[in-house]
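Asker: give me coordinates for this.
(6 chains)
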Number of protein chains: 6
Amino acid sequence: MIVEVIEEPVFYDGSQIDPLWAYKRYGVLGDSIIVFRGGMDIAEARMKDSEDVRGKTAITGDDVLHFIIERFDSPGNMFTSYLMQRLFVISAQAVLNMYGIETARSGDDLYVAEEKLTVSIATASITSEKIHLGMNVTTSGTPKNVAITSLTSFGIEPDESLSIGRDVAELFSREILDILKDVVKTRGS
Amino acid sequence: MIVEVIEEPVFYDGSQIDPLWAYKRYGVLGDSIIVFRGGMDIAEARMKDSEDVRGKTAITGDDVLHFIIERFDSPGNMFTSYLMQRLFVISAQAVLNMYGIETARSGDDLYVAEEKLTVSIATASITSEKIHLGMNVTTSGTPKNVAITSLTSFGIEPDESLSIGRDVAELFSREILDILKDVVKTRGS
Amino acid sequence: MIVEVIEEPVFYDGSQIDPLWAYKRYGVLGDSIIVFRGGMDIAEARMKDSEDVRGKTAITGDDVLHFIIERFDSPGNMFTSYLMQRLFVISAQAVLNMYGIETARSGDDLYVAEEKLTVSIATASITSEKIHLGMNVTTSGTPKNVAITSLTSFGIEPDESLSIGRDVAELFSREILDILKDVVKTRGS
Amino acid sequence: MIVEVIEEPVFYDGSQIDPLWAYKRYGVLGDSIIVFRGGMDIAEARMKDSEDVRGKTAITGDDVLHFIIERFDSPGNMFTSYLMQRLFVISAQAVLNMYGIETARSGDDLYVAEEKLTVSIATASITSEKIHLGMNVTTSGTPKNVAITSLTSFGIEPDESLSIGRDVAELFSREILDILKDVVKTRGS
Amino acid sequence: MIVEVIEEPVFYDGSQIDPLWAYKRYGVLGDSIIVFRGGMDIAEARMKDSEDVRGKTAITGDDVLHFIIERFDSPGNMFTSYLMQRLFVISAQAVLNMYGIETARSGDDLYVAEEKLTVSIATASITSEKIHLGMNVTTSGTPKNVAITSLTSFGIEPDESLSIGRDVAELFSREILDILKDVVKTRGS
Amino acid sequence: MIVEVIEEPVFYDGSQIDPLWAYKRYGVLGDSIIVFRGGMDIAEARMKDSEDVRGKTAITGDDVLHFIIERFDSPGNMFTSYLMQRLFVISAQAVLNMYGIETARSGDDLYVAEEKLTVSIATASITSEKIHLGMNVTTSGTPKNVAITSLTSFGIEPDESLSIGRDVAELFSREILDILKDVVKTRGS
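Answerer: Reported below is the predicted structural model:
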């Protein structure tokens, strides 16, 4: 997977989960992980998780580290997309651990001491599977009704966040490559 | 997923990775994880990993804790099967951690201090995806040419291994259920 | 499949055929059959059957017994969806027969003495297969240009219709369960 | 679907369920229903239903009306194959009804007054979906441990059975054509 | 595949690439190639090739020979769609060759002496795969920033273009039939 | 696709069409085209084309240039495999043309003046799609009952054949890469 870290801020409004966004915005061709940082506010019409729509949950933040993963698979498969998402969250957890942040995972969410650090969604279309993970850099602008934490709460400098992002993306990229190598040497039954 | 722990010993010869084994042997209908304990020796003709065939790697052990996972999916998909396998290995790692055994994962293998604790394979057929994971209870009968470790090396009683097995199977079963709940509430794009 | 009978009236405007409607409206997670009763008028933009669009066919009724079936399958398959629809219509036919109403089936339509009793459509998306079947409770508000009949024409009380609906849903649900049991015990070839 | 009625007897040993049998034996290219008559005895190694293997059920008869259905679909899907099978059994039931034989269906079996008239299996491979249905012409040679009935028990002449077979095949063939016409005029969602 | 040549002019605005267009506009049921002639101007919102969107490429022409190919496949597959597109372009090349026009192919484009003769796109949806190929009849109205050529530049009468179109469609239709015949007589492995 | 040209002779007995052969024999991981030269004699049990089995056609030759193409796709698709095969034959035709050999294509066969130059088959399994093309280097050992030609009949030195092979493989490899680039920049519909 191509790993691309975008230095300038990009606001996440939910449209980045659409297929081909990495190509249309950055000319990236093929499976990729785009890492960027910016505010987040997702309009209800763009929410993929109907639980959020039902619960009228706000998904917001002023400074969030974002990951957009796209794997081309035609047609995409929702179960496969969520399996990859769980592995991606586990990669994030492993990297945070190296930076001294011990998290607990519940499904696709990471917590530190019952406080939520991340939001995530996976989806699929006729062309690809896509995953978004957002990790709070600060707690500014996050929803009031949930206990929230952020990277800076653990002594991470905001400017360091993109390099944490790159580490996560590269670890996951190696994981997928490792899986693909297993796939091409295994017999069916 | 149905979790079934088999009390009597079952020898693993590689035929258990065939589709429908859980039904044919135990009458288990549907997605399942069968946990059992027994010796292991896989004939080359049954090896799914062509790397083992190429390398003439022996896959043996006198006392191994086995997991056979089957997910019905017609047709099965090799990439999906390997994604599930990685998540299964991570579930095993989490449970071992609770029992005080700190492991390192490299692809689909678990190690303690560079010594190999597990073997694993994933595969797919027209009817299902299947995964095998074998975890050494003792090192007796394991290949001589690799550094091997086992549960008993860490103070686990051999008789305790099936209950570790049940914990792993149940943790993974909850993980998959959690994913399926996400799948049925997420919009495509 | 989860069978859910909605007591209050729900107007069918064609949006109920969209994926995840059962979850978004009723919190139902997973494969389901939602049974409800209410008026029906489908805007052309929501018609899935392009034959209706071409023919400018009105699909209307003031009192209709509705079934919305959703089977999660990513990606959904149109042929599979229509096979299930035919089986669903046959389940409806079997239940009506128990209530003393002898129908003839032509494709996905049920008739009594050349008068049309039902409308139906099947479709698929990246997340699921969906089926709608509407059965006239009365003929009020139905299109004038076709010979139409309804449950009340055969002595069924309007208030009885939801319980006929439940019977149909439960018969079909058992049929699918029975098929799934066959699937998980059959070898591929 | 091509309907081909074979006049000379063909013994059913289970190999006819393999993909491409209709082409290899009769040169039939494409989706087809082959109708023939002959004895039946299926070796365990060829049984697709693992329930039969588990139960050591004999599947035998001296004079059976056989149907072999093949639908090319690469890869084949087990659930789709079983949906078609149910519709095929329902077609058989409808034709028998025209011949004055009232049957009850339980899953994929037809009964008359608790006596079993048919056996059936569906399966799938990388190339196609296949279905076998066998309908007893006489009860000679059928298993002793189950109550069995046959076409001749209802006044059908053995020589008439192939023409009943043709009627069933043609009814099912029209059903599938009707479904395919719906498929190619329906919008996805 | 059904080949349908439309005598009256049809303007190509990009909506013809949507699934089911052949059925909705002409009542054509099933896999088809629709051949027509008319102007072309594709709104950005309808462009399938994100490269054109990125590059703000105009796709225009006053007199273009169009082909719309639809193959029903649920779900459709993007790779399969592009493989068919390449074969279609090669069919076009072969027919042009018979009319004395020697072209060079680069991907999915045909050129004569570095001048572009065609535009093409392939796509897929949950219901089908679709391909558009447009071949300039004249260069009038084509983009100014690329070297363009057209059928009339090689002595073809504009009125002849639809019959060239029919030849291309029929050649491709025979190619696909030939492939389908191979598919239904080949064993999987 | 990885292109690998094997210098030493390899006898083609039909087992090379099995999935993973390139990995098991040469350690090649991933999509690949293996080019080699050697005798050919395919046992009936290994013939994938049931037409050859039906016709008892011998597929033999003493000196043949072979191509084995594998594309990992789980599950593989027979139609996709044959589309690729046609494109591969067209690549071969283009390269032969550069070497001054004008061929005519009929389906998946290349002819020069009604004499057959090539044999080819495509197939699919749960893990991949595979294609074999054999091009006669000499006519020695080829079947007597068909008019056969070979590369040496057109002044090609036998030793030149592997480099023709490399050219064909590289042209096809670029074609597939070009298609994949289109796939990852095209929107679904």
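
Asker: just say helix, strand or coil for the residue minimising distance to the centre of chain A.
Answerer: Most central in chain A under Cα atoms, centre = their mean is A:Leu133, positioned 2.0 Å from the mean C-alpha point. Put simply, A:Leu133 is strand when judged by DSSP: H, G, I helix; E, B strand; the rest coil.

Asker: show me what contacts it?
Answerer: A:66-67, A:69, A:85, A:88-89, A:92, A:118-120 (Cβ atoms under 8 Å, 6 or more residues apart in numbering or on different chains). In this view, the C-beta of every residue, glycine as well, is placed from N, C-alpha and C.

Asker: show me what the lowest-mean-pLDDT helix or strand in chain A is packed up against.
Answerer: Within chain A, no helix or strand scores below helix A:50-55, which has a mean of 85 by mean pLDDT, DSSP states H and E. Helices and strands touching helix A:50-55, as assessed by 3 or more Cβ pairs under 8 Å, 6 or more residues apart in numbering or on different chains; DSSP states H and E, comprise helix C:21-26.

Asker: what does the following helix or strand past the helix it packs on contact?
Answerer: Using DSSP states H and E, the helix or strand that follows helix C:21-26 towards the C-terminus is strand C:32-41. Residues outside strand C:32-41 that contact it (Cβ under 8 Å, 6+ apart) are C:1-6, C:9-13, C:16, C:21-22, C:26, C:28, C:58-70, C:134, C:137, C:141, C:161-162, C:165-166, C:168-169, C:172-173.

Asker: do that again at 7 Å, thanks
Answerer: C:1-6, C:9-13, C:22, C:26, C:28, C:59-70, C:134, C:137, C:141, C:161-162, C:165-166, C:169, C:172-173 (Cβ atoms under 7 Å, 6 or more residues apart in numbering or on different chains).

Asker: please see if the helix or strand that comes right after the least confident helix or strand of chain A touches chain F.
Answerer: On the C-terminal side of helix A:50-55, the closest following helix or strand by DSSP H and E is strand A:60-72. Yes - counting by Cβ under 7 Å from any Cβ of the partner chain, chain F is contacted by strand A:60-72 at A:Phe72.

Asker: now do strand A:60-72 against strand A:32-41, angle only.
Answerer: Calculated by axes from the mean of the first three to the mean of the last three Cα atoms, to 10 degrees, strand A:60-72 forms an angle of 160 degrees with strand A:32-41.

Asker: what helices and strands are in contact with whatever helix or strand comes next after strand A:60-72?
Answerer: Using DSSP H and E, the helix or strand that follows strand A:60-72 towards the C-terminus is helix A:78-98. When contacts are defined as 3 or more Cβ pairs under 7 Å, 6 or more residues apart in numbering or on different chains; DSSP states H and E, helix A:78-98 packs onto strand A:104-106, strand A:109-112, strand A:118-124, strand A:128-136, helix A:161-183, helix B:78-98, helix B:161-183.

Asker: what do you get if the cut-off is 10 Å, keeping everything else the same?
Answerer: Helices and strands touching helix A:78-98, as assessed by 3 or more Cβ pairs under 10 Å, 6 or more residues apart in numbering or on different chains; DSSP states H and E, comprise strand A:60-72, strand A:104-106, strand A:109-112, strand A:118-124, strand A:128-136, helix A:161-183, helix B:78-98, helix B:161-183.
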